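K.L.:
just a sequence and a predicted model for now, questions to come.
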Amino acid sequence: MLKSSIACLLDRLPWAKRVKVNIRNGVVQLFGSLSDLRERRGVRVAVENVPGVTGIEDRMVLVELLAEDLFEKPKTRSERTIANKP
């Protein structure tokens, strides 16, 4: 019951899609990666306010997304030439 309540809550938070939970005796362990400290705080506050949660173990990590990680780098002229040779 508690796990499904938390799962439904996290599904409504667009930034929490990579957050996973384990629960033991009302203590919620949060795992996953987030890209912003505000996201981390938001997940914690949301989960802390779920009835039945007695504690939080925050094991989430912050990762920095760089623009170069989001896009494929264009090939250089020599790479295009090599790729087009038979």
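P.N.:
Alright, I've got the coordinates.
K.L.:
now the helices for this protein?
P.N.:
2-11, 37-48, 67-70, 77-84 (DSSP state H).
K.L.:
from E48, how far out is the residue nearest the centre of the chain?
P.N.:
Nearest to the mean C-alpha position of the chain, counting by CA atoms, centre = their mean, stands R18 at 3.2 Å. Taking CB to CB, to the nearest Å as the measure, R18 falls 19 Å from E48. Placement of C-beta: from N, CA and C, glycine included.
K.L.:
what of I6?
P.N.:
11 Å.
K.L.:
low-confidence stretches in this structure?
P.N.:
Applying pLDDT under 70 to the chain flags residues 65-86.
K.L.:
just to revisit the earlier point, burial measure for the residue lying closest to the residue nearest to the centre of the chain once chain neighbours are set aside, as a count.
P.N.:
Nearest residue to R18, sequence neighbours excluded (CB to CB, 6 or more residues apart in numbering): G32, at 4.4 Å. Counted by other CB atoms under 10 Å, the residues lying close to G32 total 17.
K.L.:
can you check the one 3 residues further on too?
P.N.:
Neighbourhood size, S35 [other CB under 10 Å]: 13.
K.L.:
what's near enough to touch it?
P.N.:
Residues near S35 by CB atoms under 8 Å, 6 or more residues apart in numbering: 15, 62-65.
K.L.:
G26 too?
P.N.:
When contacts are counted by CB under 8 Å, 6+ apart, G26 is found next to 2, 52-55.
K.L.:
what's the answer for V50, then?
P.N.:
2, 5-6, 9.
K.L.:
let's see 6 Å
P.N.:
5-6 (CB atoms under 6 Å, 6 or more residues apart in numbering).
K.L.:
before we move on, what about S33?
P.N.:
S33 touches 18, 61, 63, counting by CB under 6 Å, 6+ apart.
K.L.:
wait, isn't Q29 in contact with E57?
P.N.:
Yes - contact criterion CB atoms under 6 Å: Q29 and E57 qualify, at 4.4 Å.
K.L.:
rewinding a little: okay, I6 and E48: which has more neighbours?
P.N.:
I6 (21 against 12).
K.L.:
next one: that one from W15, what distance?
P.N.:
Counting by CB to CB, the gap from I6 to W15 is 15 Å.
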